[in-house]
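Engineer: Here is a sequence together with a model predicted from it:
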Amino acid sequence: MRHRMKGRKLNRTASHRKAMLSNMLVSLLRHERIETTLPKAKELKPLADKMVTLGKRGDLHARRQALSVLRDKEVVHKLFIDIAERNRERQGGYTRILKTRNRYGDCAAMSFIELVEREE
């Protein structure tokens with residue numbers, strides 16, 4: 001039974017899953033919109049919201065916490081300067097998931113995950 005167990009395994013080891021979600025998070029913050037499978041997007045959404053919340057806090061400790069997850073100084077700078085400023089008045093829900101299609105090869109449900117306050 002899976003009582004009180006949180007998160008999806010996504011058919012990966014723990015280290016692979018952590019690295020994959022970190023890379024997807026960097027791509028999401030850099031491009032502000034990515035296409036991925038629906039379960040991966042659902043796993044990524046809480047992490048992305050947490051990073052934007054850290055960006056809104058804006059202090060040195062929050063910046064170091066974000067850098068430990070993202071490992072890309074350029075993306076952390078964009079998060080704290082640009083993305084956090086656009087979401088200053090928003091109380092939560094910084095990302096949205098849009099279901100798009102089924103992938104041709106394996107019929108996996110695909111979706112876009114994007115920042116709500118994004119540049120066009």
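Structural biologist: Nice, thanks for sending it over.
Engineer: So Glu43, which state does it fall into?
Structural biologist: helix (DSSP: H, G, I helix; E, B strand; the rest coil).
Engineer: Now name the helix or strand holding the closest residue to it other than its chain neighbours.
Structural biologist: Nearest residue to Glu43 in three dimensions, chain neighbours excluded: Arg8, at 5.6 Å (C-beta to C-beta, 6 or more residues apart in numbering). For glycine as for every other residue, the C-beta is placed from the backbone atoms N, C-alpha and C. Assessed by DSSP states H and E, Arg8 sits outside every helix and strand.
Engineer: And for Arg96?
Structural biologist: strand 95-102.
Engineer: Show the subsequent helix or strand relative to that strand.
Structural biologist: strand 109-115.
Engineer: packing partners for that following strand?
Structural biologist: On a contact count with 3 or more C-beta pairs under 8 Å, 6 or more residues apart in numbering; DSSP states H and E, strand 109-115 meets helix 14-31, strand 33-37, helix 38-57, strand 95-102.
Engineer: Ranking those by mean neighbour count, which comes first?
Structural biologist: helix 38-57 (a mean of 18; mean count of other C-beta atoms under 10 Å).
Engineer: what's the angle between that one and strand 109-115?
Structural biologist: 10 degrees (axes from the mean of the first three to the mean of the last three C-alpha atoms, to 10 degrees).
Engineer: Identify the residues contacting the residue most central in space within the chain.
Structural biologist: Geometric centre of the chain, nearest residue: Ala48, 3.2 Å, by C-alpha atoms, centre = their mean. Taking C-beta atoms under 8 Å, 6 or more residues apart in numbering, we find Ala48 in contact with Leu25, Leu28, Leu29, Tyr94, Thr95, Ile113, Leu115.
Engineer: Just give me the neighbour total for the fourth one.
Structural biologist: One way to gauge burial is a neighbour count; for Tyr94, by other C-beta atoms under 10 Å, it gives 23.
Engineer: Leaving aside the residues adjacent along the chain, what's closest to it?
Structural biologist: Val52 (4.2 Å).
Engineer: Ok, the third one next?
Structural biologist: Leaving out its chain neighbours, the residue that sits closest to Leu29 by C-beta to C-beta, 6+ apart is Val75, at 5.1 Å.
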